[in-house]
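In: need the 3D shape of this:
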Amino acid sequence: MADKKLAGMKVLMVIAPDQFRDEELLQPKEILSGHGAHVTIASTRAGQAQGMLGATVIADTVVDKVQAADYQGIIVVGGMGSPEFLWNNTALHKILQDCQQQGKVVASICLSGAALANAGVLAGKRATVWATPESVAALEKGKAQYIKDHVVADGSVVTADGPEAASPFAEAVTAALQKVASHV
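Out: Coordinates of the predicted model:
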C-alpha cells in the first residue's frame with residue numbers, strides 16, 4: 001500500500017469511549033493511513049477509549065470540538081458502545097449533516113449505521129448495518145433502503161455491516177474519498 005491516493009486528505013473516525021469494535025477502528029485506520037490520509041480519532045469524551053476486544057486508544061479530540069470543514073470524510077465506528085454513546089449524540093449528528101451538506105464522505109460500520117440514520121443523512125440512500133431489531137428500525141425510520149450486504153456504497157455514503165467487512169469497507173471509503181477529491 002505504498003500508493004498515496006489519499007495524500008493530504010483528513011479523515012475523522014468517531015468511536016464510543018467504551019466498547020468500540022477494535023478491528024472496525026484499527027483496520028480502516030491502517031488502510032486509510034497507508035493510502036496517505038491523516039486520520040484523527042474523536043470520541044464523546046477525552047482520554048483513553050476501550051475496545052470490546054481489549055484495544056485501547058487515546059482520542060485525539062472530542063466530538064463537541066470537531067468542525068466538519070476540517071475533514072474530507074467521517075467514519076463512525078461500531079461496537080456495543082455505539083447505541084449508548086453515538087446513536088443519539090446531537091454533536092455527532094451535526095457533524096454528519098454538515099459533512100453531507102458539504103459533499104463529503106459520510107460512512108459507518110456495524111451498529112453505527114443507526115447514528116447516520118438518526119442524523120438524517122441516510123434518507124433515500126441504500127445502506128447496511130449490523131442487523132438488530134433496533135438498528136434496522138433506525139434505518140427504516142431514517143428513510144434508508146436497508147440492503148443485506150457487507151458493504152454498501154451510495155454516492156458519498158458508505159456503510160458496512162460488521163467487523164468482517166472492515167477491510168473492504170476501508171477500500172470502499174477510499175474510493176469514495178477519491179471521487180469526492182476529484183470533484184472539488
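
In: now do the contacts for residue 81.
Out: By Cβ atoms under 8 Å, 6 or more residues apart in numbering, the contact set of residue 81 is 15, 16, 17, 18, 19, 20, 52. All C-beta atoms are positioned from the backbone trio N, CA, C, and that covers glycine.

In: next, it: phi, psi?
Out: Reported as degrees, to the nearest 10, the phi and psi values for residue 81 are phi -80, psi -10.

In: which residue packs closest to it, ignoring adjacent ones?
Out: Nearest non-adjacent residue to residue 81, counting by Cβ to Cβ, 6 or more residues apart in numbering: residue 16, 2.9 Å away.

In: and that neighbour, what does it touch?
Out: Neighbouring residues of residue 16 by Cβ under 8 Å, 6+ apart: 43, 44, 49, 77, 79, 81, 82, 84, 85, 86.

In: by neighbours, which of the residues you listed wins?
Out: Of all the contacts of residue 16, the most densely surrounded is residue 77 (32 neighbours; neighbours counted as other Cβ atoms under 10 Å).

In: mind listing what that one touches?
Out: Residue 77 makes contacts with 13-16, 20-21, 24-25, 28, 108-110, 112, as judged by Cβ under 8 Å, 6+ apart.

In: okay, it and residue 103: tell me how far apart.
Out: Taking Cβ to Cβ, to the nearest Å as the measure, residue 77 falls 22 Å from residue 103.

In: go on, residue 3?
Out: Distance of residue 3 to residue 103, given as Cβ to Cβ: 24 Å.
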